[in-house]
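Task: produce atomic coordinates for the following.
(one chain, ligands or ions: 1)
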Amino acid sequence: MSPLLSLRGLGVRYSGATAAALEGVDLDLAPGERLAVIGESGSGKSTLARAIAGLLPQTATLEGTIAWPGLDHPARNGRDIGFVFQDPGSSLDPVMSVGKQVAEVAHANLDMDWRAAMRLAVELLDRVRLPEPSVLAHAYPHQLSGGQKQRVAIAAAIAARPRLLIADEATSALDTIVQAEIVALIRELVAEDGMALIFVSHDIALAASFAERIAVFRHGRMVELAPTVELVAQPRSDYSRALLAAHLGLEAHSGAGI
Ligand SMILES: Nc1ncnc2c1ncn2[C@@H]1O[C@H](COP(=O)(O)OP(=O)(O)OP(=O)(O)O)[C@@H](O)[C@H]1O
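Numbering: from 1, shown residues only. Next up is the predicted model:
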């Protein structure tokens, strides 16, 4: 089966920066695959996610190729890719009702009239388990909790039935219980819709709990790419080992002088 997405020699440099934010990334993503992208702050995870979704700022220069063998048209964020940001407060429009914001995505990408798009929005708010969706559709973002706002952002991201969902630290700003609920929801939605998932996180334990493969990034390079079970049982790079050790609350094994 041909991959949905194929990256070759992908690199990104922001203007004025001394080092590349991303360098030499080769990666294929299968349709419906769940991939976690992990690494510490500044390792290039968001840059990768934004490059794939075509959301890089104009100051960024791209190298290499981003191809979509699994699509018969150029990929477009909103239609083919759903993107969920870390902070739902800033990704949602504060002066538009949440129902309209979800409907807007369907209206713009699915050639759907407004009435149908609004009906779909209420269905989607229900799918992301928001209470009384037909009432809540008229609420504004400031009337919702952080977790509820993130559910709205997810509903908007999947409104056009994209082939790929990218969650960029989508649960990092939430408390642990809400975080687990949102992860469970994302997991359920990608399984139901057969979407591929790129889950960006600095938390290897969270990523390992549901990703099929994990890509580990450090200083803009992909230092390891392996099936989750393999990476957790036998990490090849010292950096992956250190990340795992830190998350398991163990001392990183240096391997030297013991
Ligand atoms: N818009 C930008 N302009 C200039 N430099 C940027 C921009 N965005 C990111 N960078 C730089 O690119 C590098 C990679 O950043 P990126 O945000 O992709 O990392 P990250 O792993 O997602 O980190 P975090 O978890 O903190 O978001 C960093 O050195 C960062 O400072």
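
what ranges do the helices span in the stretch 1-150 of the chain?
45-53, 88-91, 98-109, 114-127, 133-136, 146-158 (DSSP state H, counting those that start in this stretch).

And the contacts of the last one?
Which is helix 146-158. 82-85, 88-89, 91-92, 98, 101-102, 104-105, 121, 124-125, 127-130, 141, 144, 165, 170-171, 173-174, 178, 181-182, 185-186, 189, 193, 195 (Cβ atoms under 8 Å, 6 or more residues apart in numbering). Any C-beta I mention is one placed from the backbone N, CA and C, and that applies to glycine too.

Can you say which of these are buried?
For those, a burial check counting by 16 or more other Cβ atoms under 10 Å picks out 82-85, 88-89, 91-92, 98, 101-102, 104-105, 121, 124-125, 127-128, 130, 141, 144, 165, 170-171, 173-174, 178, 181-182, 185-186, 189, 195.

check contacts around the residue of the stretch 101-250 of the chain found nearest the ligand.
Going by Cβ to the nearest ligand atom, the ligand is nearest to His202 of the stretch 101-250 of the chain, at 5.7 Å. His202 sits next to 38-41, 45, 169, 172 when contact means Cβ under 8 Å, 6+ apart.

let's see it at 10 Å
37-41, 43, 45, 169, 172, 243, 247 (Cβ atoms under 10 Å, 6 or more residues apart in numbering).

Likewise for Pro141?
Contacts of Pro141 by Cβ under 10 Å, 6+ apart are 88-98, 101, 148-149, 152-153.

what do you get if the cut-off is 8 Å, keeping everything else the same?
By Cβ under 8 Å, 6+ apart, the neighbours of Pro141 are 88-89, 92-94, 98, 149, 152.

which residues sit against stretch 63-81?
By Cβ under 8 Å, 6+ apart, stretch 63-81 touches 2-13, 24-25, 31, 51-55, 83, 105, 108-110, 160, 162-166.

repeat that for 7 Å
Residues outside stretch 63-81 that contact it (Cβ atoms under 7 Å, 6 or more residues apart in numbering): 2-11, 31, 51-55, 83, 105, 108-109, 160, 162-164, 166.

Now, those that are in strands?
Among the contacts of stretch 63-81, DSSP state E puts 5-11, 83, 164, 166 in strands.

Just flag the most distant two among these.
Gly9 and Phe83 (23.2 Å; Cβ to Cβ).

Quick one: name the residues of this protein near the ligand.
Residues of the chain lying near the ligand by Cβ under 6 Å from any ligand atom: 14, 17, 21, 39, 41-47, 57, 202.

Just put those in JSON lines and tack on pLDDT.
Formatted as JSON lines, these follow (pLDDT from 0 to 100):
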{"residue": "Tyr14", "pLDDT": "96"}
{"residue": "Ala17", "pLDDT": "91"}
{"residue": "Ala21", "pLDDT": "97"}
{"residue": "Gly39", "pLDDT": "93"}
{"residue": "Ser41", "pLDDT": "91"}
{"residue": "Gly42", "pLDDT": "93"}
{"residue": "Ser43", "pLDDT": "95"}
{"residue": "Gly44", "pLDDT": "97"}
{"residue": "Lys45", "pLDDT": "97"}
{"residue": "Ser46", "pLDDT": "96"}
{"residue": "Thr47", "pLDDT": "97"}
{"residue": "Pro57", "pLDDT": "95"}
{"residue": "His202", "pLDDT": "89"}
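
Buried members of the residues you listed into PyMOL, please.
In PyMOL, a selection of the buried entries from the residues of the chain next to the ligand looks like this (16+ other Cβ under 10 Å):
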select buried, resi 21+39+43+44+45+46+47+202
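
Most widely separated two among the residues of the chain next to the ligand?
Pro57 and His202 (21.9 Å).

which one of the helices of the stretch 1-150 of the chain has the lowest average pLDDT?
For these, mean pLDDT drops lowest on helix 88-91, to a mean of 83.
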